[in-house]
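*Asks:* Curious how this folds, go ahead:
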Amino acid sequence: MLKISYWIDALSRWAGALGASASIALALLIVYDASMRYIFHEGSVALQELEWHLFDILFLLGLSYALKHDKHVRVDILYTRFSPRLKEIVRIVSMLFFVIPLGLLVVWFSWDFVAQSFAQHEMSPDPGGLCCRYIIKSFVIAAFVLLVLQAVSESIKAFYRLGELKKESGK
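*Replies:* Purely as a prediction, here's the structure:
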């Protein structure tokens with residue numbers, strides 16, 4: 001089971017690297033776009049939309065990466081006082097009863113939204129905007145599938161750590 005967890009972790013690292021690349025591209029694009037607007041008085045709707053799309057990619061792919069590195073939102077004021085065993089139990093319960101169901105709901109309800117966008121070959125309604133808006137919408141499904149997978153990985157690791165804690169306390 002730990003092999004599956006490591007494979008999922010590698011997938012989340014890849015998603016995090018892609019999100020980090022999007023952040024670099026976004027920073028460069030913002031500098032270019034701002035320079036063009038304020039120095040040369042030239043703007044581009046397509047560039048502004050590309051900024052939004054890169055931000056979407058950065059945020060969505062960062063979800064599973066943040067979960068993998070334990071940088072997600074949690075009520076630490078209580079959690080830090082828990083014993084190691086209770087922390088692992090809380091981790092398992094939160095993954096199995098909150099993160100995974102929420103991720104699956106988002107995928108389920110996004111499916112038709114994304115499929116309709118693909119079927120219509122949706123593009124920006126703004127003149128000079130980007131085509132292929134369905135590609136960025138498909139990142140919603142991809143991101144939440146990655147989040148669910150990472151939650152499974154975190155649950156596997158927590159079960160493993162619980163077993164290790166049990167062995168240690170049994171000695």
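
*Asks:* Low-confidence regions, this protein specifically.
*Replies:* Residues of the chain that meet the criterion pLDDT under 70 lie in 75, 170-171.

*Asks:* So for it, the centremost residue is which one?
*Replies:* Nearest to the geometric centre of the chain sits Leu63, at 2.5 Å (CA atoms, centre = their mean).

*Asks:* tell me which element that residue is part of?
*Replies:* Using DSSP states H and E, Leu63 sits within helix 45-68.

*Asks:* Could you identify the helix or strand that succeeds that helix?
*Replies:* Immediately after helix 45-68, counting by DSSP H and E, sits helix 76-79.

*Asks:* was I right about Lys68 contacting Ser12?
*Replies:* Yes. Between Lys68 and Ser12 there is a contact under CB atoms under 8 Å: 4.4 Å. All C-beta spots, glycine's among them, are computed from the backbone N, C-alpha and C.

*Asks:* shared neighbours of the two, which are they?
*Replies:* Shared contacts of Lys68 and Ser12 (CB atoms under 8 Å, 6 or more residues apart in numbering): Gln150, Ser153.

*Asks:* close enough to count as contact, Arg37 and Gly43?
*Replies:* Yes. Assessed by CB under 8 Å, Arg37 is found in contact with Gly43 at 4.9 Å.

*Asks:* mind listing what's buried in the helix or strand where Glu168 lies?
*Replies:* Assessed by DSSP H and E, Glu168 sits inside helix 133-170. For helix 133-170, the neighbour count (16 or more other CB atoms under 10 Å) marks 133-134, 136-159, 161-162 as buried.

*Asks:* before we move on, what about stretch 13-20?
*Replies:* Neighbour counts over stretch 13-20 (16+ other CB under 10 Å) mark Ala15, Gly16, Gly19 as buried.
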